[in-house]
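# I need the structure of the sequence given here:
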Amino acid sequence: MFSSEESKEQSRDLKPLVLQPNRFTVGAHGNPNFISDARGKKFDTEGSALGAKGLANEMAKAGFHKGMDVVLYSCSTGAGNNCLAQQLANRLHTTVWAPDNVLWMRKDEHYVCRTEAE
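Got it, this is the predicted structure:
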């Protein structure tokens, strides 16, 4: 997870992401129900699954505050009526942007949401 205050060094693995003020950006593996980190960890530091509650807990520890929008760079976290993105938006009372399909980074370092990479 990356907040807008973190350095380029900390977010170098996601260098195409534009970190903006009042926007909290999360990059992780995901599906409509939960996210996991690069090591496959699916739990927060308190042992909660990284669904909406666990993710909200980790985001607060990483600098999320009221008034920030959220962007999830995480496959399919916006798919379905009760997806992780919607649950997180309801919990945090904010706008959450998330892909409704697989998220791919193209060779030109832009992201595209579709079932197959180009």
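
# which strands and helices lie in contact with the host helix or strand of Gln86?
According to DSSP states H and E, Gln86 maps onto helix 84-92. Under the contact criterion of 3 or more CB pairs under 8 Å, 6 or more residues apart in numbering; DSSP states H and E, helix 84-92 touches helix 52-61, strand 69-73, strand 96-97. All C-beta spots, glycine's among them, are computed from the backbone N, C-alpha and C.

# avg pLDDT for it?
Mean per-residue pLDDT for helix 84-92: 96.

# which parts of it are buried?
84-89, 92 (16 or more other CB atoms under 10 Å).

# any chance of those residues in CSV, with distance to Cys113 too?
CSV is the format used below for the buried residues of helix 84-92 (distance: CB to CB, whole Å):
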residue, distance to Cys113
Leu84, 15
Ala85, 13
Gln86, 17
Gln87, 19
Leu88, 18
Ala89, 18
Leu92, 22
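
# okay, now the unreliable bits of the protein?
1-19, 37-41, 43-49, 109-112, 114-118 (pLDDT under 70).

# one more time with 80
Flagging of the chain using pLDDT under 80 yields the residue ranges 1-21, 37-49, 104-118.

# winner for burial among the helices and strands packed on helix 84-92?
strand 69-73 (a mean of 21; mean count of other CB atoms under 10 Å).

# okay, angle between that one and helix 84-92 too, please.
For strand 69-73 against helix 84-92, the angle by axes from the mean of the first three to the mean of the last three CA atoms, to 10 degrees is 160 degrees.

# partner strands of strand 69-73, with direction?
With DSSP bridges as the criterion, the sheet partners recorded for strand 69-73 are strand 23-27 (parallel), strand 96-97 (parallel).

# would you mind finding the most buried of those?
The most buried one of these (mean count of other CB under 10 Å) is strand 23-27, showing a mean of 21.

# cool, thanks, signing off.
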